[in-house]
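>>> Quick one: sequence and predicted model below, then my questions.
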Amino acid sequence: MIINLNEAFLKQQNLVAFNFFNVETLAAILDAAHIENKVIILSFGESYISHTPLPVAAVMAKEYSKLYDIPFVLHLDHATKVETIKQAIDLGFTSVMYDGSRLPLEENIKNTAEVVKLAKERNVTVEGELGYLNKEDGSDQVEIVCTTVEDSARFVKRTKVDALAIAVGNAHGIYKKEPKIQISRIKEISAAVNLPLVLHGSSGIHRSVLAEAFKHGIRKINVNTELAVAGCRGVYDYVLTHGAESRLENALSDAKANIQAAAKQFLEI
Ligand code: 13P
């Protein structure tokens, strides 16, 4: 069954969102969720559309939902275009993220509020983002702009989002040095907005820090890089053992097994 973010929070206090973009990533994540008996979020990024068309991602997720008895959220991640959000909603996505984090605050508020209005009519939940990390694939290293308590309160009041992604020392991709997650800032923002907070860039953050973040207001963590690296490692090891003239489906089976093991670790937090 595919449910929205609020419905998922009613079933489970904290959630992990894993990115998928093909059958192997999708099935590996659902296998891990099945083994751990957890509600999860399947996240498909707007930036993946060049790899997998949005309707294909939606059909894959819907078909796979019939094969598993665990409910999950089908979420559009980091959408910067309202057109993509409308298309995703029409295709059955139950949750969307509008990413206006690079825009000036007022423009971010205006666009996010517009998305909330159109999503609410279709029972679709919306995540907004405040503060700036870096590109989703971690390909740039920029100074993180941390989210402030004042901006968060203003943003949530005016947009009526269901969840808020914040920048508190987290970044997408592989961390060059140990990330310092500001738990006190999470606490303060949580007290001010009283809304589920989202931590992007959770790969590479120590599990004990993620557990601490969950205690103080983060209710959704986003994980992509650790799964991607685990998958690549599966293919790499397979080719090292069997040579480049191998069967791709066998190499991908090893990738899938590694992705499942990596996802499972996050579900055990
Ligand atoms: P990582 O790739 O760093 O795990 O971040 C994923 C993410 O935040 C997706 O929205």
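Structure received.
>>> element containing Ile221?
strand 218-223 (DSSP states H and E).
>>> And the ligand, is that strand touching that?
Yes. Using C-beta under 6 Å from any ligand atom, strand 218-223 comes into contact with the ligand via 222-223. Quick note: C-beta positions are derived from backbone N, CA and C, even for glycine.
>>> Which SSE is immediately downstream of that strand?
Following strand 218-223 toward the C-terminus (DSSP H and E): helix 225-242.
>>> Can you tell me what sits against that following helix?
18-19, 24-25, 28-29, 138, 172-174, 201, 203-204, 246, 250-252, 254-259, 261-263, 266 (C-beta atoms under 8 Å, 6 or more residues apart in numbering).
>>> Contacting the ligand as well, which ones from those?
Restricting these to contacts with the ligand (C-beta under 6 Å from any ligand atom) yields 19, 172-173, 201, 203.
>>> among the residues you listed, which are in strands?
Asn19 (DSSP state E).
>>> Now for the ones next to the ligand among the contacts of helix 225-242, which sits with the most neighbours around it?
Gly201 (27 neighbours; other C-beta atoms under 10 Å).
>>> got a list of what that residue touches?
By C-beta under 8 Å, 6+ apart, the neighbours of Gly201 are 133, 138, 170-173, 179, 222, 225.
>>> Pick out the most distant pair among these.
Greatest spacing in the contacts of Gly201, by C-beta to C-beta: Pro179 and Asn222 (13.8 Å).
>>> Have a look at those two and say which one is more surrounded.
The neighbour count for Pro179 versus Asn222, taken as other C-beta under 10 Å, is higher for Asn222 (27 against 17).
>>> so what's that one up against?
Contacts of Asn222 (C-beta under 8 Å, 6+ apart): 17, 19, 43, 77, 165, 198-202.
>>> Same list, these, but as TSV with pLDDT please.
Formatted as TSV, these follow (pLDDT from 0 to 100):
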residue	pLDDT
Ala17	98
Asn19	98
Ser43	98
Asp77	98
Ala165	98
Val198	98
Leu199	98
His200	97
Gly201	96
Ser202	97
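>>> In a markdown table: the residues you listed, plus distance to Ala8.
Compiled in a markdown table, these are given as follows (distance: C-beta to C-beta, whole Å):
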| residue | distance to Ala8 |
| --- | --- |
| Ala17 | 10 |
| Asn19 | 17 |
| Ser43 | 12 |
| Asp77 | 15 |
| Ala165 | 16 |
| Val198 | 13 |
| Leu199 | 16 |
| His200 | 18 |
| Gly201 | 21 |
| Ser202 | 17 |
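>>> for these, which one is nearest Glu188?
Leu199 (15.0 Å).
>>> For burial, what's the neighbour tally of that closest one?
Leu199 - counted by other C-beta under 10 Å - has 26 other residues nearby.
>>> For beta bridges, what are the partners of it?
Ile221 (DSSP bridges).
>>> With the ligand as the reference, measure out to it.
8 Å (C-beta to the nearest ligand atom, to the nearest Å).
>>> One more: Ser47?
10 Å.
>>> likewise Lys117?
With C-beta to the nearest ligand atom as the criterion, Lys117 and the ligand are 23 Å apart.
>>> ok, now Ile35?
With C-beta to the nearest ligand atom as the criterion, Ile35 and the ligand are 21 Å apart.
>>> right, and the secondary structure at that residue would be what?
Secondary structure, DSSP: H, G, I helix; E, B strand; the rest coil: Ile35 is helix.
>>> Up against the ligand, what does the protein have?
19, 77-78, 136, 172-173, 200-203, 222-225.
>>> what secondary structure does Gln260 sit in?
Relying on three-state DSSP, one would call Gln260 helix.
>>> er, Glu245 actually
Per three-state DSSP, Glu245 ends up coil.
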